[in-house]
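Visitor: Make a model of this:
(one chain, ligands or ions: 3)
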Amino acid sequence: RVLDAEGNVLVPGIVDCHIHNREPGLEYKEDWESATRAAAAGGVTTVVGMPNTDPVIDRPDHLELKFERGEASAHVDFQSYAVVTSENLDLIPEIDETGALGFKIFLGSTVGDVPPPNDGEILEAMERIGETGKRLGFHEENGEIIEHYTKRFKADGRNEPIDHSHSRPVIAEQEAVERMITFAEETDAKIHMFHVSSGSAAEAVARGKDQGVDVTAETTPHYLWFTEDVMHEKGNVARVQPPIRDAEERETLWDVGIDQGAIDCIATDHAPHTPTEKKVDDPFGNTWDAISGFVGLETEIPVMLSFVDQGRLTLEEWVRRHSTRPAQVWGMYPQKGSLQVGTDADFTIVDPDREWTLADRTELHSKNCVTPFEGETFTGKAIATVVRGDVVAEDGTVVGESGYGTRVDVD
Ligand code: DOR
Ligand code: ZN
Ligand code: ZN
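Guide: Numbering: from 1, shown residues only. Ligands and ions are numbered 1, 2, ... in the order given. Below you'll find the model as predicted:
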């Protein structure tokens, strides 16, 4: 099968190492089939699922269940993280043998209420995961700071969506990054900072790299595209953890994170919730009850290609951060993130000049498609998605079969 790639660009398959596919247990929001359908349509060839499902992925049998469900229904290749809590430190070797891509700790509370381990347990987790050779990633926000300001703002009667953002201040993120870097220096662990939202946290990552700590980091298209003004325009629709920051933080994120290289990976934090949970009918009400997160799999390539079009980064630097580096960071290279594997290669063909407006969120393929990118116009779009030599989507239409996708083997 020959694809007409004239005027278009063929790049190694785009790898998104941060999605909430919600299966098992939260299929009313999303499942493997719908998440990977969106991935295929959007040009993404590999996705990695987060463990805050029901049950949470904290035991070998839960991980096996997650893999089985993926094998049964995924359109593109996939993997999964396992979560580390106070309860499962002893299970780390077994979870590793079951084939988890890596581990995640949620510092502070997030969606799904996975309780954070204490600092001693985190140190021990770093030691134990170090023995497996795998990497430990963090939802990098200090929960005590957030809890304090949330309580305080509620008591003061503050109830604008922007107040929610300010209750999760940059310092909560920066401090968590710095503390985990200190722990990693002590334990020699390989660590990763998921969804870095601020320039201040990117600077902390840069300092860690300078000290010789094996710390890698990710940011998302939304932190690079929006400023916190979007909270005034779209309210809870744009609510996310960590929150979207002010213009100055965004500028430093670009500068230190992208231009100077502190940020290794781009990933979405694709986090589907129902329109009711997102309060789309009343986006400026019920601030403290609205849920955080929104979808991203079908807008991530258009956003990044728009930055390429604007001259904010080169095509090569985009591909490095959105395919090669994520595959390397999580031990999937060169199986993923490379064209070296010949006819078994994954690739994405993009049209860098294609103008596209996401006029209506129902154009998207997820089960629930609320996103602050609704209404935005982009330059650049994926026009074909090829997984291990087979076309799984063409021009936004999924042509592959559910169940074709398979787990990326990393042992
Ligand atoms: O906004 C978020 N949503 N941040 C997280 O860390 C979790 C995610 C979710 O699972 O919905
Ligand atoms: Zn997170
Ligand atoms: Zn997430």
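
Visitor: Which positions in the stretch 151-300 of the chain make contact with ligand 1?
Guide: Val240, Gln241, Ala271, Ser292, Gly293 (C-beta under 6 Å from any ligand atom). C-beta: built from backbone N, CA, C; applies to glycine.

Visitor: so is the last one in a helix, a strand, or just coil?
Guide: Using DSSP: H, G, I helix; E, B strand; the rest coil as the criterion, the local structure at Gly293 reads coil.

Visitor: neighbours of it, just the number please.
Guide: Neighbour count for Gly293, taken as other C-beta atoms under 10 Å: 21.

Visitor: got a list of what it touches?
Guide: By C-beta atoms under 8 Å, 6 or more residues apart in numbering, the contact list for Gly293 reads His20, Val111, Arg239, Val240, Gln241, Asp269, Ala271, Pro272, His273.

Visitor: just those residues now: which is nearest Asp409?
Guide: Relative to Asp409, the closest of those is His20; by C-beta to C-beta it sits at 22.7 Å.

Visitor: Settle this for me: the closest one is touching Met50, isn't it.
Guide: Yes - here His20 reaches Met50: they are 4.9 Å apart, a contact under C-beta atoms under 8 Å.

Visitor: between those two, who's got more neighbours?
Guide: When neighbours are counted by other C-beta under 10 Å, His20 and Met50 differ, and Met50 comes out ahead with 28 against 24.

Visitor: ok, which stretches of the chain are strands?
Guide: Remark: strands assigned in the chain by DSSP state E are 9-12, 14-19, 44-49, 77-83, 102-106, 136-139, 191-193, 215-219, 265-266, 347-357, 377-387, 390-394, 397-398.

Visitor: Would you mind giving both backbone torsions of the residue nearest to Glu23 when sequence neighbours are not counted?
Guide: Residue nearest to Glu23 in three dimensions, not counting chain neighbours: Asp31, with 4.2 Å by C-beta to C-beta, 6 or more residues apart in numbering. Phi and psi for Asp31, reported as degrees, to the nearest 10, are phi -140, psi -180.

Visitor: quick revisit: can you convert the residues of the stretch 151-300 of the chain next to ligand 1 into a markdown table and add a column each for pLDDT?
Guide: Shown next, in a markdown table, are these (pLDDT from 0 to 100):
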| residue | pLDDT |
| --- | --- |
| Val240 | 97 |
| Gln241 | 97 |
| Ala271 | 98 |
| Ser292 | 97 |
| Gly293 | 98 |
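
Visitor: Now the two most distant members of the residues you listed.
Guide: Gln241 and Ala271 (8.9 Å).

Visitor: Give me the more crowded residue out of the two.
Guide: Ala271 (28 against 22).

Visitor: My guess is the more buried one contacts Phe294. True?
Guide: Yes - taking C-beta under 8 Å as the definition, Ala271 is a contact partner of Phe294 at 6.2 Å.

Visitor: Now do the contacts for whichever residue of the stretch 301-411 of the chain sits closest to ligand 1.
Guide: Residue nearest to ligand 1 within the stretch 301-411 of the chain: Asn368 (10.9 Å; C-beta to the nearest ligand atom). When contacts are counted by C-beta under 8 Å, 6+ apart, Asn368 touches Lys29, Glu30, Pro272, His273, Thr274, Pro275, Val295.

Visitor: can you rerun that using 7 Å?
Guide: By C-beta atoms under 7 Å, 6 or more residues apart in numbering, Asn368 lies in contact with Lys29, Glu30, Pro272, His273, Thr274, Pro275.

Visitor: Would you confirm that the first one contacts Asn21?
Guide: No - here Lys29 lies out of contact with Asn21, judged by C-beta atoms under 7 Å, at a distance of 9.3 Å.

Visitor: more crowded one of those two?
Guide: Using other C-beta under 10 Å, the more surrounded residue of Lys29 and Asn21 is Asn21, with 33 against 24.

Visitor: what pLDDT does the more buried one get?
Guide: Note for Asn21: predicted pLDDT of 98.

Visitor: ok, so what distance separates it from ligand 1?
Guide: 10 Å (C-beta to the nearest ligand atom, to the nearest Å).

Visitor: Tell me who's in contact with that residue.
Guide: Glu30, Asp31, Trp32, Ala35, Gly49.

Visitor: list the contacts for the residue in the stretch 1-150 of the chain positioned nearest to ligand 1?
Guide: Going by C-beta to the nearest ligand atom, ligand 1 is nearest to Val111 of the stretch 1-150 of the chain, at 3.6 Å. By C-beta under 7 Å, 6+ apart, Val111 lies in contact with Asn52, Ile291, Ser292, Gly293.
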